[in-house]
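Asker: Next input, structure requested:
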Amino acid sequence: MAELDIDRGGDKKAEDWVETAEVSRRFYPEPERVFAVSPQDPNVRIVIAIPMERTIMQEAFFGFASIFQQGWQMARLPYTRNDIAREKFGQFVRDEKMPDGITPKYTHILMLDSDHAHPEDIVQRLARWVFLYPSTVKVVGGLNFRRGEPYDPCAFVDPGDGSFHRLAHWGRGILEVDALGTGSMLIAREVFEMIPEPWFNYEYPNGDFTPGTDMTFSRKCREHGIALWVDGTTTSPHLGVNEIGQEQYREHVAKMQGRTVAVTPEDATLIEWARAEIERKGLERARKFTAAEQPESLGAQVVAQIGAAKA
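Answerer: From the prediction side, this is the model:
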């Protein structure tokens, strides 16, 4: 399995995205048969936990609706900070008992972040690995990707130099990793019994919110001999809110090389900026901006051709 060098601060350069090493890790291929895991299963009893730190977007809401319509149980928790919520969810799955007051009510907890669009069969997809490898797979998560550029995977390996490197390759199955994002993570109850509290870091003495909950939990799992697995076949797309203003519009115009866009006469400054931006990016010459004949319905608007020819 090849991997990529992790960003160590500053802007990424093209050479940072070359494969730097190959690292061997355990891998189990995707099973051929489908595992019909259900909320009524007596052996694998899963409760779903959603940290409610953010407003749930429409795409995420419909994903959760499809999941809970199947009958899965939810761990209820008031609105609170993400890292504190994870800690309370861990306490919940560890301590919740059946009516006899002795038997644990749940065997696993599935943490699903509210800023992802989770597939409706994500419980079944992650739980199948527990059925196949119950003594080996205690923590397994989906292969999710960072919300912002360069959108790299939230799964990491340590090739032996003490630093984390993002995955470059993964197969159709589960791969053992050294650190894993918590966007969608199925955790066995005994993990919270084996590792003393706190499991997720929620005190940041330096004020920079590092290390995050995922890296802290991953480190503690490694220290207690608990393997982390990423399912390369299961992804919950990351959701985000883009701020659109004048800067973003100008960037868009600069990118519209060779395409027709509508601008107003007041955008003379914008046209000059776009031309300068094109030249700055190394294009040797830019086409002249030409105004087409315009119908009266366009009013003060003109149609300008903004483009450049590469050598």
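
Asker: Verify the contact between Leu180 and Ser218 for me.
Answerer: Yes - the pair Leu180 and Ser218 passes the contact test of CB atoms under 8 Å, sitting 5.8 Å apart. Backbone N, C-alpha and C define where each C-beta goes, glycine included.

Asker: Find residues that contact each of the two.
Answerer: Taking CB atoms under 8 Å, 6 or more residues apart in numbering as the contact criterion, the common neighbours of Leu180 and Ser218 are 156, 228.

Asker: domains in the chain, as residue ranges please.
Answerer: By the assignment in automatic domain parsing, the chain contains the domains 2-231, 246-309.

Asker: Could you confirm Glu176 falls within a helix?
Answerer: No - assessed by DSSP: H, G, I helix; E, B strand; the rest coil, Glu176 does not belong to a helix; its assignment is strand.

Asker: From Trp199, how far out is it?
Answerer: 20 Å (CB to CB, to the nearest Å).

Asker: now do Phe61
Answerer: In this structure, Phe61 and Trp199 are separated by 28 Å, where distance is defined by CB to CB.

Asker: Could you do Glu223 as well?
Answerer: 12 Å.

Asker: and these two? which has more neighbours close in?
Answerer: Trp199 (21 against 9; other CB atoms under 10 Å).

Asker: Spell out which residues sit in contact with that one, please.
Answerer: Residues 86-87, 90, 192, 216-217, 220 are the ones in contact with Trp199 under the rule CB under 8 Å, 6+ apart.

Asker: cool, His116 as well?
Answerer: 60, 63, 144, 183-184, 236-239.

Asker: now swap in Phe145 and tell me
Answerer: Applying CB under 8 Å, 6+ apart, we find Phe145 in contact with 151-154, 235, 237-238.

Asker: where does the closest residue to Thr234 other than its chain neighbours fall, phi/psi-wise?
Answerer: When the adjacent residues along the chain are set aside, Thr234 lies closest to Gly142, with 4.2 Å between them (CB to CB, 6 or more residues apart in numbering). Note on Gly142: its backbone torsions stand at phi -80, psi 160 [degrees, to the nearest 10].

Asker: before we move on, what about the one 3 residues further on?
Answerer: In this entry, Phe145 is assigned phi and psi values of phi -130, psi 150 (degrees, to the nearest 10).

Asker: Can you list the low-confidence ranges for the stretch 151-300 of the chain?
Answerer: Counting by pLDDT under 70, the stretch 151-300 of the chain contains low-confidence ranges at 202-210, 249-250, 252-275, 277-300.
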